[in-house]
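K.L.:
show me how the following folds:
(one chain, ligands or ions: 2)
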Amino acid sequence: MKLPPRVINDADPSALTIEEALLRIRNALPQLKDVQTVDCLNALGRITAADIHSPMSVPPFRASAMDGFAVRVADCHSALRLDGQSMAGHPGSDRLAPGSCQRITTGARVPDDADAVVQQENTECNDGTVTIRVMPQPGLNVRNPGTDSRQDDLLINAGTRLGPSQLALLAAHGVSNVEVVRKLVVALFSTGDELRKPGNRLEPGQIYDANRPLLQSMLHDHGVEVIDLGICKDSEAALEQRLSASQDADLVISSGGVSVGEADHVRQVLARAGQINFWKIAMKPGRPLTFGISRPGQAYFGLPGNPVSAALTTLLFVLPSIRHMLGRSLELPPALQLPLTDELHKNPGRVEYQRAIMQQDANGNWQVGTTGLQDSHVLSSLHKANCLIELKSDSQGAAIGDSVRVFPFSHFAEPVL
Ligand code: AMP
Ligand code: MG
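P.N.:
Ligands and ions are numbered 1, 2, ... in the order given. Got it, this is the predicted structure:
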């Protein structure tokens, strides 16, 4: 479909760029200091509180990388006498008489006197005599101690999210407990007199609260604990009540009620609560963003009410902030450049994120196309999307075949952390 050209400029001189807003947020955010020691079996997704050094060398001994025979290379030109064996977990003798070899399995200790392991397939074994078919080089198939890491090496930096690889690495070094940053407590509520919880009947003028399921899911992470404070009426008293119920939270997130409409009490109540900024961000969707410090050690995000705007501001501002509060670096997820399959229109003046679908063409090459309607209440297009296309502030759109910047949703997923 060909859209008519648009020339409206969307720039607002008072709006902050995303980068400027992120910088201001980072400078204001409190960081969690409390540390706890957890069993590595329960440490998935937690953030290391200190550097972890290797308590031992791994592998701890010279180990065979193959099933075969441990040999002295210099002896391999003639048939070798089979003398003993070294099995994984059952090391044999460290001595190897001249002209002999030892049967060995993968992971078993290589005798001190051997300088190579010849894999079984390259040998012939008859009546206790082993003939080497392919001459080895010294060191062949021997894993030396410390080739994974040496004792006292820095294994994992402070501020690292513990995923499967990190937990395996710790286990391989015999580490059973780890110091992590305590969980970040987030208090979450939606504001709006029109909102109802799914499962209840809608009265005229009401809609269902989509933002709590959205945000709860986006915040679902091992390092985060969410306190659900439900739906908050558009009244100062209701808001005050939510804020006092949030007093143990490190971060409070509300959605809705921060625009200039009559029912927007969040501003007044927050102005009394702490140091809160009401920013316009030069982005679409999600222009208004409320951020500040609601009480000592507690950050506050007031997100736009439209669900797609709430999702976008969470991806771009809230998740990076959570990472920063937990001691991780505050950076945007990695982007791709992909060719575009649709024409995109845009007014210059703010960065635009369009919901999009990246997929492979018939030749297996990745490309990206729009999900269509981009209004910020349209959740069905967020559902269809698997990525966002970023169009720069001064862009007026993009043509079919243009290379555009794409943020796959999967990159936000590890992220919460
Ligand atoms: P507001 O920011 O409160 O002015 O809300 C902007 C738009 O988003 C309005 O159409 C609201 O009805 C809608 N909205 C606000 N909160 C939610 C929510 N939790 N779920 C779905 N829509 C919402
Ligand atoms: Mg509202």
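K.L.:
export stretch 155-173 as CSV, just CAs?
P.N.:
Extracted C-alpha coordinates of stretch 155-173, given in CSV (Å, rounded to 0.1, in the frame of the first residue of the first chain):
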residue,chain,number,x,y,z
LEU,A,155,37.0,-16.4,36.5
ILE,A,156,33.9,-14.2,36.6
ASN,A,157,33.7,-10.4,37.1
ALA,A,158,31.4,-8.7,39.6
GLY,A,159,28.2,-7.6,38.0
THR,A,160,27.9,-10.7,35.8
ARG,A,161,24.5,-12.4,35.4
LEU,A,162,24.9,-16.1,36.2
GLY,A,163,23.5,-18.2,33.3
PRO,A,164,24.1,-21.8,32.4
SER,A,165,27.7,-21.3,31.2
GLN,A,166,28.7,-19.4,34.3
LEU,A,167,27.2,-21.9,36.6
ALA,A,168,28.9,-24.8,34.8
LEU,A,169,32.2,-22.9,35.0
LEU,A,170,31.8,-22.4,38.8
ALA,A,171,30.9,-26.1,39.2
ALA,A,172,33.9,-27.2,37.2
HIS,A,173,36.0,-25.2,39.7
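K.L.:
which residues does the nearest residue to Ile207 once chain neighbours are set aside contact?
P.N.:
Excluding its sequence neighbours, the residue lying closest to Ile207 (C-beta to C-beta, 6 or more residues apart in numbering) is Glu194, at 5.6 Å. From N, CA and C alone the C-beta is placed, and that goes for glycine too. By C-beta atoms under 8 Å, 6 or more residues apart in numbering, the residues touching Glu194 are Gly205, Gln206, Ile207.
K.L.:
excluding its backbone neighbours, what's nearest the closest residue to ligand 2 within the stretch 301-417 of the chain?
P.N.:
The stretch 301-417 of the chain approaches ligand 2 most closely through Gly305 (4.9 Å), counting by C-beta to the ion. Distance criterion C-beta to C-beta, 6+ apart; nearest residue to Gly305, sequence neighbours excluded, is Gly256 at 3.2 Å.
K.L.:
please apply the same query to Arg150.
P.N.:
Ser57 (5.0 Å).
K.L.:
hmm, the one you found is touching Gln151, no?
P.N.:
Yes: using C-beta atoms under 8 Å, Ser57 is in contact with Gln151, at 4.9 Å.
K.L.:
which one's more surrounded, those two?
P.N.:
Ser57 (18 against 14; other C-beta atoms under 10 Å).
K.L.:
got a pLDDT number for the more buried one?
P.N.:
On the pLDDT scale, Ser57 is placed at 97.
K.L.:
relative to ligand 2, how far out is it?
P.N.:
Here Ser57 is placed at a distance of 60 Å from ligand 2 (C-beta to the ion, to the nearest Å).
K.L.:
contact partners for that residue?
P.N.:
Counted by C-beta under 8 Å, 6+ apart, Ser57 has contacts Pro145, Gly146, Ser149, Arg150, Gln151.
K.L.:
just the buried residues of those.
P.N.:
With neighbours counted using 16 or more other C-beta atoms under 10 Å, these contain these buried positions: Ser149.
K.L.:
let's have the contacts of Ser57 in TSV, adding pLDDT, secondary structure and distance to Leu41.
P.N.:
Conversion of the contacts of Ser57 to TSV gives the following (pLDDT from 0 to 100; DSSP: H, G, I helix; E, B strand; the rest coil; distance: C-beta to C-beta, whole Å):
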residue	pLDDT	secondary structure	distance to Leu41
Pro145	96	coil	27
Gly146	95	coil	26
Ser149	95	strand	21
Arg150	96	coil	26
Gln151	96	coil	24
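K.L.:
export the contacts of Ser57 as CSV, with columns for distance to Gly230.
P.N.:
Output for the contacts of Ser57, formatted as CSV (distance: C-beta to C-beta, whole Å):
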residue, distance to Gly230
Pro145, 58
Gly146, 55
Ser149, 49
Arg150, 53
Gln151, 53
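K.L.:
show me which of the contacts of Ser57 is closest to ligand 2.
P.N.:
Ser149 (54.1 Å).
K.L.:
quick check: closest non-adjacent residue to that closest one.
P.N.:
Using C-beta to C-beta, 6+ apart, the nearest residue to Ser149 is Ser54, at 4.6 Å.
K.L.:
can you pull the pLDDT of the residue nearest to Ile207?
P.N.:
With respect to pLDDT, Glu194 has a value of 97.
K.L.:
OK, now which residue of the stretch 101-250 of the chain is nearest to ligand 1?
P.N.:
Asn211 (3.3 Å; C-beta to the nearest ligand atom).
K.L.:
helices and strands around the helix or strand where Thr37 lies, which ones?
P.N.:
In this assignment (DSSP states H and E), Thr37 forms part of strand 35-39. Contact here means 3 or more C-beta pairs under 8 Å, 6 or more residues apart in numbering; DSSP states H and E; on that basis strand 35-39 packs against strand 177-181.
K.L.:
neighbouring contacts of the strand it packs on?
P.N.:
32, 34-40, 43, 46-50, 52, 162, 170, 223, 326-327.
K.L.:
and for stretch 113-127?
P.N.:
So stretch 113-127 is in contact with 64-73, 76, 82, 94-96, 101-102, 104, 110, 130-134, 136-142, going by C-beta under 8 Å, 6+ apart.
K.L.:
stretch 365-385 and ligand 2, are they touching?
P.N.:
No: remark: stretch 365-385 sits outside contact range of ligand 2, by C-beta under 5 Å from the ion, the gap being at least 12.4 Å.
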